[in-house]
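Undergrad: sequence and predicted structure, then a few things I'm wondering about:
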Amino acid sequence: MFKIDRLRFGTAGIPLSTPRRSTIDGILQVRKLGLDAMELEFVRGVNMKPELAKKVKYVAKKNDVVLTAHAPYYINLNAAEKAKVEASKRRIIQSAERLYQAGGWSVVFHAGYYLKQNPAKVYGRIKNELKEVIKTLQDRGIEIWVRPEITGKPTQFGDLKELVNLSEELEMVLPTIDFAHCHARNAGKFNTVEEWREMLGFMEDRLGREALDNMHIHMSGINYTAKGERNHLPLRESDMNWEDLMRVLKEFRVRGVLISESPNIEEDALRMKRKYEEVKV
C-alpha cells in the first residue's frame, strides 16, 4: 500500500457541484474545489468497468487525488445463508479489485449483523470469512487496505474493539473510523476531546503508529435515537463537536483520508479542511 503524506479531505462520491456527473469529472471537480480525495460509491454495486478504472487512475494521479471506495451495502459476513456470505465476499473482492485497478488506496464496508447471536461467536465467523477475502486478494496481487467500518447501530457488528482485534489478527486490515457512527452507536457518547483522545490512543497502543499514519475516516453530522443511527446530517445541523475533533486529529498527527458523508458533501469537506488547517498545536 502506498503511503499518504498528510491528512487529505474529500467527498463521499462525486461532488454535488460537478457539472457532468461522471467519476472523472468528479475527480476534476474535487481538485478544482481544493480537496484532495474522493470515495467511489459502489454502494449499489460495482458498476465501473476495468477500462474506465484505468482512465480514472490516470486522472486521479495527474490531479493528486487519492481514491477510496465504499463497497456495496448488501454485505453480511454473518448471514445465516451460505450463499449470502459468499455473495458478500465477492462484493468486497470486486470492490477492492476495481479500486486497485483505479489506483485507489482503501476500500470500506459494513461487515455484518449480530442477528441476536453471541458477539464473540459472530466475531470468529466474520474473521474467518474476511481471512478468505484477504487470501483471494493476495493471490491476485491486489495490495489495498481492507476496512471494516465502525457501524451506527448496536445491532450491527463493528465497534472499535472488534475492528482493532481484526486488524491485529489479519493482514491488510485496518478500521474505518466513522466518528458520527461511533457517536450514534453509543447513544450520544464519543463526542468530546477526551473520548477521541482515548480512541486514537487505544488504536496507537494496539496497532502502532501505522494505524494513525493510514487512517480512513468518515465524518458527518448524524441524527440518532437510543437504537442508534437514523440518518446523516450537515455538520451545523447536528450535535457533533466537529471543530474539537479537527484539533484532536491534528494533535495526534493523523495521516490518511477524511471523507465527508454529510448531505452537503463538499461544503462540509471544505469546512473541515479549513478548520483543520487553522488549528495550531
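TA: Cool, the structure landed.

Undergrad: low-confidence bits of this protein, can you list those?
TA: Regions of the chain meeting the criterion pLDDT under 70 are absent.

Undergrad: which stretches of it form strands?
TA: 7-12, 37-41, 66-70, 106-109, 145-148, 176-178, 215-219, 221-225, 228-233, 256-260 (DSSP state E).

Undergrad: measure residue 138 to residue 245 for me?
TA: 34 Å (CB to CB, to the nearest Å). No exception for glycine: its C-beta is placed from N, CA and C like everyone else's.

Undergrad: neighbour-wise, which of those two wins?
TA: Ranked by neighbour count (other CB atoms under 10 Å), residue 138 and residue 245 place residue 245 first, with 21 against 12.

Undergrad: and the more buried one, how far from residue 96?
TA: 28 Å.

Undergrad: isn't residue 11 right up against residue 36?
TA: No. With contact defined as CB atoms under 8 Å, residue 11 does not count as touching residue 36 (10.7 Å).

Undergrad: shared neighbours of these two, which are they?
TA: Residues touching both residue 11 and residue 36 by CB atoms under 8 Å, 6 or more residues apart in numbering: residue 30.

Undergrad: between those two, tell me which one has more neighbours.
TA: More neighbours surround residue 11 than the other of residue 11 and residue 36, with 29 against 20 (other CB under 10 Å).

Undergrad: and the residue nearest to residue 165 when sequence neighbours are not counted, how far is that from residue 170?
TA: In space, and not counting its chain neighbours, residue 165 is closest to residue 123: 7.0 Å by CB to CB, 6 or more residues apart in numbering. Separation of residue 123 from residue 170 (CB to CB): 12 Å.

Undergrad: which other residues reach stretch 227-247?
TA: So stretch 227-247 is in contact with 151-156, 179-181, 183-185, 187-188, 191-193, 196, 219-224, 261-264, 267-268, 271-272, 275-276, 279, 281, going by CB under 8 Å, 6+ apart.

Undergrad: quick revisit: what's the neighbour count on the residue nearest to residue 165?
TA: Neighbours of residue 123 under the rule other CB under 10 Å: 19.

Undergrad: OK, contacts around it?
TA: Residues counted as contacts of residue 123 (CB under 8 Å, 6+ apart) are 157, 162, 165-166.

Undergrad: residue 125 now?
TA: By CB under 8 Å, 6+ apart, residue 125 lies in contact with 77-78.

Undergrad: returning to what we had before: need the contacts of residue 123 in CSV (columns: neighbour count).
TA: Putting the contacts of residue 123 into CSV (neighbours: other CB atoms under 10 Å) gives the following:
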residue, neighbour count
157, 24
162, 21
165, 15
166, 23
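
Undergrad: sort out for me which of those residues are in helices.
TA: With DSSP state H as the criterion, helices contain 162, 165-166 from among the contacts of residue 123.

Undergrad: closest to residue 88 out of the residues you listed?
TA: Of all these, residue 88 sits closest to residue 166, with 15.3 Å by CB to CB.

Undergrad: does that closest one touch residue 129 like I think?
TA: No. Taking CB under 8 Å as the definition, residue 166 is not a contact partner of residue 129, at 11.0 Å.

Undergrad: all helices of the stretch 151-281 of the chain, in order?
TA: Assigned by DSSP state H, counting those that start in this stretch, the stretch 151-281 of the chain shows helices spanning 160-169, 179-185, 193-207, 209-213, 242-251, 265-278.

Undergrad: give me the helices and strands touching the third one, please.
TA: So the one you mean is helix 193-207. helix 160-169, helix 209-213, helix 242-251 (3 or more CB pairs under 8 Å, 6 or more residues apart in numbering; DSSP states H and E).

Undergrad: what residues sit buried inside it?
TA: Taking 16 or more other CB atoms under 10 Å as the neighbour-count basis, helix 193-207 is seen to contain the buried residues 195-196, 199-200, 203, 207.
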